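In: give me a 3D structure for the following:
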Amino acid sequence: MTLRIRISWPAGHTTATLEETPTSKALTEALPISSTARTWGEEVYFDTPVSVPVEDDARQVVEPGTVAFWTDGDALALPYGPTPISRGDECRLASPCNLLGALDGDPRILATVRDGDPIRVELVAGR
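Out: From the prediction side, this is the model:
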């Protein structure tokens, strides 16, 4: 079964398709979530009520548009470009994160998220 989520903030929204993993299952069971967006270089992250362990395939360097879960901060991490610890143009997360899936459109839309923006994540009804 395909899991899709919608991420909304004052200046826009995007959707993402998630793989079925223990973390994505825990996240979707907690939806909808309202939180406060934080930015770190070209990454948006925000707190969730979900707390899960690091999965075996967790990675620190990911592709732009990856939907990741930062277990150290119980936060969803959405990188769209370099962060302060990146080497070159890579998306380097603060520490290895669980991989959940990917944004469906251009990840650069996340550049419209401002630090402190209200952000909401909800399940997209499937067919």
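In: neighbouring strands for the longest strand along the chain, and are they parallel or not?
Out: For the chain, the strand with the greatest residue count under DSSP state E is strand 91-103. As defined by DSSP bridges, the strand partners of strand 91-103 come to strand 12-18 (antiparallel), strand 59-62 (antiparallel), strand 66-70 (antiparallel).
In: C-terminal to that strand, what's the next element?
Out: strand 118-123 (DSSP states H and E).
In: thinking again about what came up before, for the record, mean pLDDT for the longest strand of the chain?
Out: The pLDDT scores in strand 91-103 average 97.
In: can you pull the buried residues of it?
Out: Cys91, Arg92, Leu93, Ala94, Pro96, Cys97, Asn98, Leu99, Leu100, Gly101, Ala102, Leu103 (16 or more other Cβ atoms under 10 Å). Where C-beta positions appear, they are placed from N, C-alpha and C, glycine not excepted.
In: wait, doesn't the second one sit right on Ala77?
Out: No - counting by Cβ atoms under 8 Å, Arg92 sits too far from Ala77 to count as a contact (11.0 Å).
In: distance to Glu55 added to the buried residues of strand 91-103, as a markdown table?
Out: Formatted as a markdown table, these follow (distance: Cβ to Cβ, whole Å):
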| residue | distance to Glu55 |
| --- | --- |
| Cys91 | 18 |
| Arg92 | 18 |
| Leu93 | 14 |
| Ala94 | 16 |
| Pro96 | 9 |
| Cys97 | 9 |
| Asn98 | 5 |
| Leu99 | 8 |
| Leu100 | 10 |
| Gly101 | 13 |
| Ala102 | 16 |
| Leu103 | 20 |
